[in-house]
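Enquirer: missing the sequence, but the structure's below:
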């Protein structure tokens, strides 16, 4: 049959690890690391938790390479989405919080419109 | 060549191939879901970096204890779901039903807590729109935080509600003995979906609840 039946102990160990990591992420938040390390720590812990769920609860450690390929590609596309959006915003003129802004702060104009009043 | 094997669709050569195909199909759907939630996370990340102080204020208005409790509940439901799949793999019919029911109950607890949280937000005038009012430095940007909070946790909750409806169906089918060691692809496939919803929350919790932990602007 080729199915991998994991022992109950494995699932309990993974659950225990996820609980420890949850405690760690809350503790890290209250520890107030200097920016950007607070984000690095939070994301690292979240990625570790997600990896444990993917490998063991979702059985990917025991699945085919085709399955892994689909998962990796999804994250590659996600990285393109986040990465290029980040580059876009990083390259823009600085927006300060003193400017009056509505709930939707981005100004949308079509090419050819008159420039907005400033 | 005729297949007399029960639960094996005619276009597959073996249970193994059928199982692999079923799993791959679900993963391709989850890849789409990663991009779908990815768009929401990208929007969050952009506005969070443009308005970090306001987002820290917004985050501090969420209840970390409830968020933490819900995280434990949801990860627990992933454990019970993994155990349900294991019960199907080992042909233990009653165990499948038990673990599916436990998963359903834990999902219900999660949604119950979210309902309490949403209700509290309404009371404290933190629901975006006419209801919103906050005596803070940047009310517009704090409201933006709550727009993202409600959309992201709302989408997540919608995924959970759909999941719970499917769980009800599976409990009924499991009682009928529909899931065998040779073919329990439905349970396994749903398990993948449920674990994915758990992973989304694993990212939502720190990003939404823990930004302003222990005091804003520290």
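Expert: Sure thing, it's come through. In this text the structure is predicted, and so the values were computed from the model without any measurement. Numbers count the residues shown, from 1 in each chain, chains lettered A, B, ... in the order given.
Enquirer: so where does the residue positioned nearest the centre of chain A fall, helix or strand?
Expert: Centre of chain A computed as the mean C-alpha position; nearest residue by Cα atoms, centre = their mean is residue A:43, 6.5 Å away. Element membership for residue A:43 (DSSP states H and E) is helix A:37-52.
Enquirer: what comes up buried for the helix or strand following that helix?
Expert: With elements assigned by DSSP H and E, the helix or strand that comes after helix A:37-52 is helix A:65-90. Applying a neighbour-count criterion of 16 or more other Cβ atoms under 10 Å in any protein chain shown, one finds A:67, A:70-71, A:74, A:78, A:81-82 buried in helix A:65-90. In this view, the C-beta of every residue, glycine as well, is placed from N, C-alpha and C.
Enquirer: swap in stretch B:49-56?
Expert: Of all the residues in stretch B:49-56, those buried under the rule 16+ other Cβ under 10 Å are B:50-51, B:53-56.
Enquirer: Likewise for stretch B:12-21?
Expert: Neighbour-count burial for stretch B:12-21, counted by 16+ other Cβ under 10 Å, picks out B:12, B:15, B:18-20.
Enquirer: Pull the contacting residues for the residue nearest the centre of chain B.
Expert: With the centre of chain B defined as its mean C-alpha position, the nearest residue by Cα atoms, centre = their mean is residue B:197, 2.7 Å away. Taking Cβ atoms under 8 Å, 6 or more residues apart in numbering or on different chains as the contact definition, residue B:197 lies against B:74, B:156, B:159-160, B:163.
Enquirer: just curious, which of these is nearest to residue B:192?
Expert: Closest approach between the contacts of residue B:197 and residue B:192, by Cβ to Cβ: residue B:163, at 11.2 Å.
Enquirer: Okay, and that closest one sits in which element?
Expert: helix B:139-175.
Enquirer: Next, the angle from the following helix or strand past that helix to helix B:139-175.
Expert: The element immediately downstream of helix B:139-175 (helix or strand, assigned by DSSP H and E) is helix B:185-204. Between the axes of helix B:185-204 and helix B:139-175, defined by axes from the mean of the first three to the mean of the last three Cα atoms, to 10 degrees, the angle is 160 degrees.
Enquirer: What count of nearby residues applies to residue A:41?
Expert: 18 (other Cβ atoms under 10 Å in any protein chain shown).
Enquirer: ok now do the closest residue to it other than its chain neighbours, which residues does it touch?
Expert: Distances taken as Cβ to Cβ, 6 or more residues apart in numbering or on different chains put residue A:28 closest to residue A:41, at 4.8 Å, once the chain neighbours are dropped. By Cβ under 8 Å, 6+ apart, the contact list for residue A:28 reads A:38, A:41-42, A:45.
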